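K.L.:
The amino acid sequence is not available; the structure is as follows:
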């Protein structure tokens, strides 16, 4: 079973996955979650709590990659668990998909939060 939660932070959508990314309903749910964003520029797909991925799960990741790429959206797989990362390496998908560390993802989120805070600070100064 795969549990998925998502939230929008400005132009970034964070999709957190936990459980098993296996062929079937979990893959369909992941695809829907990636496609559901309200105009994000970046989709961070947090895979740190994914225990297992099969061919169907890899296919869902590739589908998300192609869908976002066609729309000019960056898809970043964040901090995949050891087993998932090993599978990505063995299948050479690490050469196709953008894999980011947790630190890189936090830096992206931090810069987005700073960008959102700056207009509010400018309005307060000019008031």
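P.N.:
Cool, got the structure. Remember, it's a predicted structure, so these values are computed and weren't measured experimentally. Numbers count the residues shown, from 1 in each chain.
K.L.:
What residue, apart from its backbone neighbours, is nearest residue 26 spatially?
P.N.:
Once flanking residues are discounted, residue 26 sits nearest to residue 2: 3.3 Å by C-beta to C-beta, 6 or more residues apart in numbering. C-beta coordinates here come from the backbone N, C-alpha and C atoms, glycine included.
K.L.:
Report the beta-bridge partner residues of that neighbour.
P.N.:
Per DSSP bridges, the residues bridged to residue 2 are residue 19.
K.L.:
What about it, how many residues nearby?
P.N.:
24 (other C-beta atoms under 10 Å).
K.L.:
Settle this for me: it is touching residue 16, isn't it.
P.N.:
No. With contacts counted by C-beta atoms under 8 Å, residue 2 stays clear of residue 16, the gap being 10.7 Å.
K.L.:
Roughly how far does residue 54 sit from residue 98?
P.N.:
21 Å (C-beta to C-beta, to the nearest Å).
K.L.:
Ignore what I typed, I meant residue 115.
P.N.:
21 Å.
K.L.:
Among those two, which residue is more densely surrounded?
P.N.:
Using other C-beta under 10 Å, the more surrounded residue of residue 115 and residue 98 is residue 98, with 16 against 11.
K.L.:
my guess is that one meets residue 74, correct?
P.N.:
Yes. Counting by C-beta under 8 Å, residue 98 touches residue 74, with 6.8 Å between them.
K.L.:
how about the strands in the chain?
P.N.:
With DSSP state E applied, the chain shows strands at 2-9, 12-21, 42-53, 74-78, 98-100, listed in chain order.
K.L.:
and the closest residue to residue 75 other than its chain neighbours, what does it touch?
P.N.:
Nearest-residue entry for residue 75: residue 68, 4.2 Å, with adjacent residues in sequence omitted and distances by C-beta to C-beta, 6+ apart. When contacts are counted by C-beta atoms under 8 Å, 6 or more residues apart in numbering, residue 68 touches 34, 43, 74-75.
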